[in-house]
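Undergrad: Sequence first, then the predicted structure:
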Amino acid sequence: MRGFILSDKGKIVFLADVHLSVERPDKEERFLRFLAGLKGSVGALYVLGDLFDFWIGPRHLKLPEHAKVLAALKDLAASGVKLVLLHGNRDFHVGAEFEKATGAKVYPGGLALQLGGKKIYITHGDFLCTRDSRYHQFTAVIRRPLVKKIFQMLPARLSYYLASGYRGHSKRVTRLKPGRVRGLVMKSVAAAFGAEYDVLICGHVHPPEGPYMREFTTGGKPRALYVLGEWETGGSWLEYSDGRFELHAL
């Protein structure tokens, strides 16, 4: 979705790739502490996909494993913080029921913002890794509405088993892919900027050097690309305040 929304006031936080899972309670506690620190200090939180390691759909809300995080998100939204979640490649079954449970707004694709006179495009980032053709072929199948509907109609235990199995398979396959295949393709990044966007923010690629910012010129205009880091060993986020972006790490 590329429709602009109203500019946000106050401090805004962007993050991605937390990959919450039952196997890593330490990461969940780290993320919960982070959320608690946002209350009263930010106006909006944008999660650019893969908040969860996997998500089986509405029935996941009834499982106990993420109850603390769901409650913390609901509490944060109730305090007045705008919550926005973009689909990642792991949690694209998050939908309307999640919105009702947390107060977040969920977008299946990218989102355009206007902040401080600049036009910003935020996205999970997987569609910018255009060399990974097998990934895109598989993703095109499993994200079809009919396939998603069939998956969510399966018994919950089977859905959970399949999603967990795919998560493990995906991690093994990803480790074997060359960095060139897994990484961003700058021609695709330039195309995503188009003629209108000044800033592009994404996650997904888990840069080994950590989150980074790259400035370059395309279409005769200066642009800025922010690539967010993952939360496996620490945590990173991008903060917007008073017209400036700044990367942070725990």
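TA: That came in fine, so what should we check first?

Undergrad: hey, let's count contacts and neighbours off CA atoms from now on
TA: OK.

Undergrad: and residue 123, what does it touch?
TA: Shown in contact with residue 123 (C-alpha atoms under 8 Å, 6 or more residues apart in numbering): 48-49, 86, 109-111, 200-203.

Undergrad: Hmm, residue 120 is touching residue 110, no?
TA: No: Residue 120 is beyond contact range of residue 110, at 10.4 Å (criterion: C-alpha atoms under 8 Å).

Undergrad: Are we agreed that residue 161 is in a strand?
TA: No: counting by DSSP: H, G, I helix; E, B strand; the rest coil, residue 161 is not part of a strand but helix.

Undergrad: Quick one: residues contacting it.
TA: Residue 161 neighbours (C-alpha under 8 Å, 6+ apart): none.

Undergrad: Do a quick rundown of the strands in this structure.
TA: In the chain, the strands defined using DSSP state E lie at 12-15, 44-47, 82-86, 105-107, 111-115, 118-122, 199-202, 212-218, 221-227, 236-241, 244-249.

Undergrad: Those strands: which one's closest to residue 130?
TA: The closest of the strands of the chain to residue 130 is strand 199-202. By C-alpha to C-alpha, the value is 14.4 Å.

Undergrad: Could you spell out the sheet neighbours of that closest one, each with its direction?
TA: Its sheet considered, strand 199-202 pairs with strand 118-122 (parallel), strand 221-227 (parallel) by DSSP bridges.

Undergrad: Put the alpha carbons of the first one into PDB.
TA: By that I understand strand 118-122. What follows is strand 118-122 as a C-alpha-only set of coordinates in PDB (Å, rounded to 0.1, in the frame of the first residue of the first chain):
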ATOM      1  CA  LYS A 118      10.300  14.500   3.300                       C
ATOM      2  CA  LYS A 119       8.600  11.600   1.600                       C
ATOM      3  CA  ILE A 120       9.500   8.200   3.200                       C
ATOM      4  CA  TYR A 121       8.800   4.700   2.100                       C
ATOM      5  CA  ILE A 122       8.900   1.900   4.600                       C
END
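
Undergrad: which residues make contact with it from outside it?
TA: Here strand 118-122 makes contact (C-alpha under 8 Å, 6+ apart) with 48, 110-114, 193, 196-202.

Undergrad: Show me the two of these that sit farthest apart.
TA: Between any two of the contacts of strand 118-122, the greatest separation by C-alpha to C-alpha is 20.4 Å, found for 48 and 196.

Undergrad: who has more neighbours, those two?
TA: Shown here are residue 48 and residue 196; by other C-alpha atoms under 10 Å, residue 48 has more neighbours (29 against 13).

Undergrad: I'd like to know which of the strands paired with strand 199-202 lies nearest to residue 171.
TA: Closest among those, using C-alpha to C-alpha: strand 221-227, at 20.1 Å.

Undergrad: May I see the buried residues of the closest one?
TA: For strand 221-227, the neighbour count (16 or more other C-alpha atoms under 10 Å) marks 223-227 as buried.

Undergrad: Specify the angle between that strand and strand 212-218 in degrees.
TA: Per axes from the mean of the first three to the mean of the last three C-alpha atoms, to 10 degrees, the angle that strand 221-227 makes with strand 212-218 is 160 degrees.

Undergrad: Could you check the angle strand 221-227 makes with strand 244-249?
TA: Taking the same axes, to 10 degrees, one finds strand 221-227 and strand 244-249 inclined to each other by 20 degrees.
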